[in-house]
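Trainee: 3D model of this:
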Amino acid sequence: MKHPLILASSSPFRQSLLQKFNLPFDTFSPDVDESALEAETPTELVKRLSELKASAANKHFNKGLAIGSDQVAVFNNQILGKPHNKQNAVKQLNLFSGNTVTFLTGLCVYDIVTGTRKTCVEPFNVSFKTLSDAQISAYCDAEQPYNCAGSFKSEGLGICLFEKLSGDDPNSLIGLPLIKLSQLLAEFGIDVLTAQTSSS
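Mentor: The predicted structure follows:
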């Protein structure tokens, strides 16, 4: 393959998504400060962090295309972070009950050799059922989604929390918009489909 692929993430969910392309890739943990800057919009935040994560590949690799991604949940124009514990997860899911939450996923592909980068932000809307306290508590106990933006795992039991999903790419909700990623890789000269033979 023309460029080795590098995923700037230690997330097993992002790794399993990238495996759908059936191409070899390396991974590393970018270890960047994910705090928002003063007056930074949610879109600006995920764009900046995805670029920071991808460019962190410079410290570990001397060539390749690094893929960085970051995601936030936005509700009532407020950025909602990861809950980290049950109490916060219950609070978030109570807020979401009967409402729609927008997830913004930043995606950056960065060429380590040339310094060229291409970035986009993919929105995805999640409409929640009206949920009872018992349902929210049972869900949190069952899946413990405390390290997930929005307090759920859509690839697991979290799908039962939703009334409707709307967006261009359901993979973006899990953390990596694969449709956009394949388009960005094509701009760097990698056609995911025809690259299959060269990866075997």
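Trainee: show me the contacts for the residue nearest the centre of the chain.
Mentor: Geometric centre of the chain, nearest residue: Gly175, 2.2 Å, by C-alpha atoms, centre = their mean. The contact partners of Gly175, by C-beta atoms under 8 Å, 6 or more residues apart in numbering, come to 9, 11, 13-14, 17, 69, 71, 105. For the C-beta atoms, the positions are set from N, CA and C on the backbone; glycine is no exception.
Trainee: the longest helix belonging to the chain: how far from the chain's middle?
Mentor: What stands out as the longest helix in the chain, according to DSSP state H, is helix 42-55. Chain-centre distance of helix 42-55: 11 Å, with C-alpha atoms, centre = their mean, to the nearest Å.
Trainee: hmm, back to that, okay, the closest residue to the residue nearest to the centre of the chain other than its chain neighbours: pLDDT?
Mentor: Leaving aside its sequence neighbours, Gly175 sits nearest to Arg14 (C-beta to C-beta, 6 or more residues apart in numbering; 4.9 Å). Looking at Arg14, its pLDDT reads 93.
Trainee: could you do Phe188 as well?
Mentor: pLDDT, Phe188: 96.
Trainee: what's the distance between it and Lys63?
Mentor: For Phe188, the distance to Lys63 equals 12 Å [C-beta to C-beta, to the nearest Å].
Trainee: who's more crowded, those two?
Mentor: Using other C-beta atoms under 10 Å, the more surrounded residue of Phe188 and Lys63 is Phe188, with 15 against 12.
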